[in-house]
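Visitor: give the three-dimensional model of this entry:
(chains A, B, C and D)
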There are 2 protein chains.
Amino acid sequence: MILYQELAEISGVAHGRRGETTLALDVLRRLRHDILICALRPRQRLRFQELKDRYRVNVGPLREALVQLASEGLVEIEPRRGCRVAAISLADLIDTTNTRVLIEKEALRQSIGEGGIEWEAQLVAAFHRLAATELNATDSGLPPEWAVAHRDFHDALTAACGSPLLREIRARLFDRANRYRMLSTLSPTHLREKSSEHRNLTESALSRNTGQALALIERHLRDTGRLAVEALRDLDPAAAPAASTQAIPSLNQHGGQS
Amino acid sequence: MILYQELAEISGVAHGRRGETTLALDVLRRLRHDILICALRPRQRLRFQELKDRYRVNVGPLREALVQLASEGLVEIEPRRGCRVAAISLADLIDTTNTRVLIEKEALRQSIGEGGIEWEAQLVAAFHRLAATELNATDSGLPPEWAVAHRDFHDALTAACGSPLLREIRARLFDRANRYRMLSTLSPTHLREKSSEHRNLTESALSRNTGQALALIERHLRDTGRLAVEALRDLDPAAAPAASTQAIPSLNQHGGQS
DNA sequence: ACAATTGCTTTTTTCGAAACTTTCCGCGAT
DNA sequence: ATCGCGGAAAGTTTCGAAAAAAGCAATTGT
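Guide: Model prediction:
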């Protein structure tokens, strides 16, 4: 029988923490990961039988994980007729980008306002780690640890925001955007751009230049969005028409003013 | 055996919809309701055995519902050591209020910008229903249908917002605030205030006076928050000190500037 | 021809018990 | 008295199978 404490090792998530995990949480992480890297593709049906075989768990933990993922917008559940990986669409990409701009700017504003020495230190450290992973980039793309470092960097940027709610919403939107980000393989040129954006962001945050930092984060997010839009157009032209059924504010300005 | 289609009748949620429900979704609604009306009190432990008896379901559906509620912030799950109703605190109330101001204002701005005749019509209707339930108010408080009408009204206000994401976040925060709202029993004076605030909100939205509408919604939210703060202080003075461990921006201004 | 019905298969949902972990309590040693 | 150490009790988590529903295809009646 599997002892719970072995879980961490089996699933490769092994590190110091005591066994504060469950099968359900473990399969949640693995499912989320597989969805984010598109091992499970958008719109793909998720049948319990297949998932049971793939992850070696029973339906109980699976259902828990799927419910959680549905609340994160990564899975769609239709009662009594199964689950699928959430669809991606141009409309959703634009929506996600605009919403991120709103949330990230406010979180960053607060973080810069409230952050102290320790925040600065963690931010510098996170930026350093991020930059380090970028050195390992190959022609085929960024190394797997980049995603983690990138996430940690943006976390660190807003870590001093005094509102736990805002931070959580921000983190969720980041994950959501990650799915789209994965679609676009960065060219070396783009990578250098991103890299310097992160540097500028760090510097203006550290120097408490709020106005500049907010402008930078907005451009950063919208650039990421634009890149993903292009990738989406190339990859799946069918997704574009689906978006045309509703008003799409431009990616280049604040969303939604009449 | 219980046929699924009977569920709607048993749980009193009976209406036209076909049987698009499951035991898990049903118990989710009931749990949420009980938490919102404080039948299950903040910090109260939720043991599976008790919940099984109370709602007449097995652990499977229960766990699903609890995971979902945790993602809504109404329940806290500590892996391997059980669940409890999420705590309420002054800090969380303030956080929720500030975040709501940010989100509701943006959603309302977009809604006013994008809304058409049909949006106007639904808004007028929702306001009318809300006003009607307020006539049934007694000294002991508002009738149960007020909560529904109130929720529907604020939904209608932002229904034309083109961002599904923003609307969803808004709805979640509304629920979250509802817990605190329930704490404060409205005096007739306050009720009249609220009532006229809703009227003014409707009118400025209909006349597309965006600036005024945004100012009104912000005041509306902050007033609600202030009322709840007072109720919280009276009810549970212990909650206040807990908040003092972190910086608390004033309820009267935008949160978080240094 | 074609819509509705019936029976069969696939899939989801729920249950009840077993497996496992945490908590609590009594007891002896320091 | 306090601390540490079993060991039972309480609670959570997971499993495997049964139950219920949805999907499908052939069949029947019009």
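
Visitor: please make it C-alpha for all contacts and neighbour counts, starting now.
Guide: Fine.

Visitor: how long is stretch A:73-81 from one end to the other?
Guide: Stretch A:73-81 has an end-to-end distance of 18 Å (criterion: CA to CA, to the nearest Å).

Visitor: go through that stretch and flag the buried ones.
Guide: Buried residues in stretch A:73-81, counted by 16 or more other CA atoms under 10 Å in any protein chain shown: A:73-77.

Visitor: next: stretch A:145-165.
Guide: By neighbour count with 16+ other CA under 10 Å, stretch A:145-165 contains the buried residues A:146, A:149-165.

Visitor: contact partners for the one residue in chain A that gets nearest to DNA strand C?
Guide: Residue nearest to DNA strand C within chain A: residue A:80 (3.2 Å; CA to the nearest atom of the strand). Residue A:80 is in contact with B:20-22, counting by CA atoms under 8 Å, 6 or more residues apart in numbering or on different chains.

Visitor: any buried residues in stretch A:194-213, and which?
Guide: Quick answer for stretch A:194-213 (16+ other CA under 10 Å): A:194-195, A:197-206, A:208, A:210, A:213.

Visitor: other residues contacting it?
Guide: Counting by CA under 8 Å, 6+ apart, residues outside stretch A:194-213 touching it are A:108-109, A:112-113, A:120, A:123-124, A:127, A:131, A:157, A:216-217, A:220.

Visitor: closest one of those to chain B?
Guide: Ranked by distance to chain B (CA to the nearest CA), the contacts of stretch A:194-213 are led by residue A:113 at 4.6 Å.

Visitor: burial of the closest one, as a residue count?
Guide: By the criterion of other CA atoms under 10 Å in any protein chain shown, residue A:113 has 19 neighbours.

Visitor: can you check the pLDDT for it?
Guide: pLDDT for residue A:113: 96.

Visitor: all strands for the stretch 51-200 of chain A, in order.
Guide: Using DSSP state E, counting those that start in this stretch, the strands assigned to the stretch 51-200 of chain A run over residues A:75-77, A:83-85.

Visitor: among those, which is nearest residue B:37?
Guide: Smallest distance to residue B:37 across the strands of the stretch 51-200 of chain A (CA to CA): 27.6 Å, for strand A:75-77.

Visitor: which neighbouring elements make contact with that closest one?
Guide: Here strand A:75-77 touches helix A:59-71, strand A:83-85, going by 3 or more CA pairs under 8 Å, 6 or more residues apart in numbering or on different chains; DSSP states H and E.

Visitor: including mean pLDDT and distance to DNA strand D, could those go into JSON lines?
Guide: Shown next, in JSON lines, are these (pLDDT from 0 to 100; distance: least, CA to the nearest atom of the strand, whole Å):
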{"stretch": "helix A:59-71", "mean pLDDT": "98", "distance to DNA strand D": "5"}
{"stretch": "strand A:83-85", "mean pLDDT": "97", "distance to DNA strand D": "11"}
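
Visitor: buried sites along the host helix or strand of residue A:216?
Guide: Per DSSP states H and E: residue A:216 is located in helix A:210-235. Buried residues in helix A:210-235, counted by 16+ other CA under 10 Å: A:210, A:213-214, A:216-229, A:231-232.

Visitor: got any ranges where the stretch 1-150 of chain A has weak pLDDT?
Guide: Applying pLDDT under 70 to the stretch 1-150 of chain A picks out residues A:1-19.

Visitor: please redo it, this time with the cut-off set to 80
Guide: Filtered on pLDDT under 80, the stretch 1-150 of chain A yields the residue ranges A:1-19, A:138-141.

Visitor: is it true that residue A:23 touches residue A:61?
Guide: Yes - applying CA atoms under 8 Å, one finds residue A:23 in contact with residue A:61, separated by 6.3 Å.

Visitor: shared neighbours of those two, anything?
Guide: Counting by CA under 8 Å, 6+ apart, residue A:23 and residue A:61 have no contacts in common.

Visitor: on that earlier part again, take the helices and strands packed on strand A:75-77 and write them to JSON lines, including distance to residue A:49 and mean neighbour count.
Guide: Shown next, in JSON lines, are the helices and strands packed on strand A:75-77 (distance: least, CA to CA, whole Å; neighbours: other CA atoms under 10 Å in any protein chain shown):
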{"stretch": "helix A:59-71", "distance to residue A:49": "8", "mean neighbour count": "21"}
{"stretch": "strand A:83-85", "distance to residue A:49": "12", "mean neighbour count": "22"}
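
Visitor: with distance to chain B added, can I get the ones you listed in TSV?
Guide: Listed next are these as TSV, based on distance: least, CA to the nearest CA, whole Å:
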stretch	distance to chain B
helix A:59-71	5
strand A:83-85	14
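
Visitor: as CSV, these with distance to residue B:190 would be great.
Guide: Listed next are the helices and strands packed on strand A:75-77 as CSV, based on distance: least, CA to CA, whole Å:
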stretch, distance to residue B:190
helix A:59-71, 35
strand A:83-85, 46
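
Visitor: among the ones you listed, which comes closest to residue B:44?
Guide: Short answer: helix A:59-71, nearest of the helices and strands packed on strand A:75-77 by CA to CA, at 22.1 Å.

Visitor: the closest one near DNA strand C anywhere?
Guide: Yes - judged by CA under 7 Å from any atom of the strand, helix A:59-71 and DNA strand C are in contact via A:59-60.

Visitor: now that helix against helix B:59-71, angle please.
Guide: Relative orientation of helix A:59-71 and helix B:59-71, computed by axes from the mean of the first three to the mean of the last three CA atoms, to 10 degrees: 30 degrees.

Visitor: give me the helices and strands touching helix A:59-71, please.
Guide: Against helix A:59-71 (3+ CA pairs under 8 Å, 6+ apart) you get helix A:23-36, helix A:48-55, strand A:75-77, helix B:59-71.

Visitor: other residues contacting that helix?
Guide: A:23-25, A:27-28, A:31-32, A:48, A:51-52, A:75-77, A:83, B:60, B:63-64, B:67-68, B:71.

Visitor: stretch A:128-147 now?
Guide: A:149-150, A:153, A:185-188, A:195.

Visitor: between the residues you listed, which sits nearest residue B:104?
Guide: Ranked by distance to residue B:104 (CA to CA), those are led by residue A:153 at 28.5 Å.

Visitor: you'd agree the closest one is up against residue A:123?
Guide: Yes - using CA under 8 Å, residue A:153 is in contact with residue A:123, at 6.9 Å.

Visitor: can you name the residue of chain A nearest DNA strand D?
Guide: Distances between chain A and DNA strand D by CA to the nearest atom of the strand are smallest at residue A:23, namely 2.9 Å.

Visitor: and chain A, which of its residues are near DNA strand D?
Guide: Checking chain A against DNA strand D by CA under 7 Å from any atom of the strand, the hits are A:22-24, A:56-61, A:80-81.

Visitor: which residues touch the most centrally placed residue in chain A?
Guide: Chain A has residue A:175 as the residue nearest its centroid, 2.3 Å off, counting by CA atoms, centre = their mean. By CA under 8 Å, 6+ apart, the contact set of residue A:175 is residue A:36.

Visitor: great, nothing more from me.
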